[in-house]
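Q: this one's sequence-less:
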């Protein structure tokens, strides 16, 4: 049985990240496909009525969009609108919208803190879960097995295979070469050819993060995603993909 997984954007108590979810159904929308790939997207709907594309990758099913839900599964609202001081000090779950720009919400999702991810009331649609550290490892291992090594300077690396192809200056042209959101910024060294090509329909985008001690950071350059697994009493495992590398990087925050 395929595991249904939700992807969450960053936010550890005082850090904020995205969240992903996925399941398999059918959908004819292929707007984010590369010139060579057509994906059989499914769909799933959250408690607020937001609908997300989903995609099957190996023996897993993932959301192909970042989570945007504003309520826990019991209907309680997730706090938001916190200033930097309150964001730093809160012991409750919370979410933020990058640069407080609601126009970017649908494109990049919400930034959730770790307390929201860990809350027993749950964030995911029924039958879905926040990916564990092992789920992320399984995904990356599968991508590697398909011929995309997890190497930072490799243009055909696992990270580039999972990123959306929508990027400034993309060599893939058509809908990939774009400055319109959602998209990745251009790589800092174009000669390295570190462009996403979305081989599996995962369609990762760089929603950035919100640190506890300051404001938002790395929007357009880095995508950060939570796992459900604690690293220590004050940090948790996560994954990042960046515009300057072709890999998926395992970290804790």
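A: Cool, got the structure. Please read these numbers as outputs of a predicted model, since none were measured by experiment.
Q: From here on, just use CA atoms for contacts and neighbour counts.
A: OK.
Q: Count residues in the vicinity of the closest residue to residue 97 other than its chain neighbours, would you?
A: Among residues not flanking residue 97 along the chain, residue 110 sits closest, at 5.2 Å (Cα to Cα, 6 or more residues apart in numbering). Per other Cα atoms under 10 Å, the neighbour tally for residue 110 reads 30.
Q: Excluding covalently adjacent residues, which one is nearest to residue 194?
A: Residue 194 sits nearest to residue 155 (Cα to Cα, 6+ apart), 4.9 Å away.
Q: ok, that neighbour - contacts?
A: Counting by Cα atoms under 8 Å, 6 or more residues apart in numbering, residue 155 touches 192-195, 246.
Q: Can you show me the helices along the protein?
A: Taking DSSP state H to define them, one finds helices in the chain at 84-89, 105-108, 114-118, 133-145, 158-162.
Q: these two touch, right, residue 153 and residue 191?
A: No. Residue 153 is not in contact with residue 191 according to Cα atoms under 8 Å; the separation is 11.1 Å.
Q: and the two? which has more neighbours close in?
A: A direct count of neighbours by other Cα under 10 Å for residue 153 and residue 191 places residue 153 higher, at 14 against 7.
Q: The more buried one and residue 136, how far apart?
A: Residue 153 is 21 Å from residue 136, where distance means Cα to Cα, to the nearest Å.
Q: How about residue 156?
A: Noted for residue 156: a distance of 19 Å to residue 136, by Cα to Cα.
Q: Quick one: buried ones out of the contacts of residue 155?
A: 193-195, 246 (16 or more other Cα atoms under 10 Å).
Q: Among those residues, find the lowest-pLDDT one for me.
A: In this model, the minimum pLDDT among the buried ones among the contacts of residue 155 belongs to residue 193 (86).
Q: list the contacts for that one?
A: 155, 187.
Q: Is residue 225 in contact with residue 239, as I believe?
A: Yes. The pair residue 225 / residue 239 is scored as a contact, 5.3 Å apart, by Cα under 8 Å.
Q: higher neighbour count, these two?
A: Between residue 225 and residue 239, residue 225 has the larger neighbour count (other Cα under 10 Å), namely 32 against 21.
Q: bridging residues for that one?
A: On the basis of DSSP bridges, residue 225 is bridged to residue 9, residue 239.
Q: So what's the predicted local confidence for it?
A: pLDDT recorded at residue 225 is 95.
Q: Look up how far residue 157 lies from it.
A: Residue 225 is 18 Å from residue 157, by Cα to Cα.
Q: Also residue 142?
A: With distances taken as Cα to Cα, residue 142 is found 12 Å from residue 157.
Q: between those two, which one's more packed in?
A: Neighbour totals were compared for residue 142 and residue 157, and residue 157 leads with 24 against 17 (other Cα under 10 Å).
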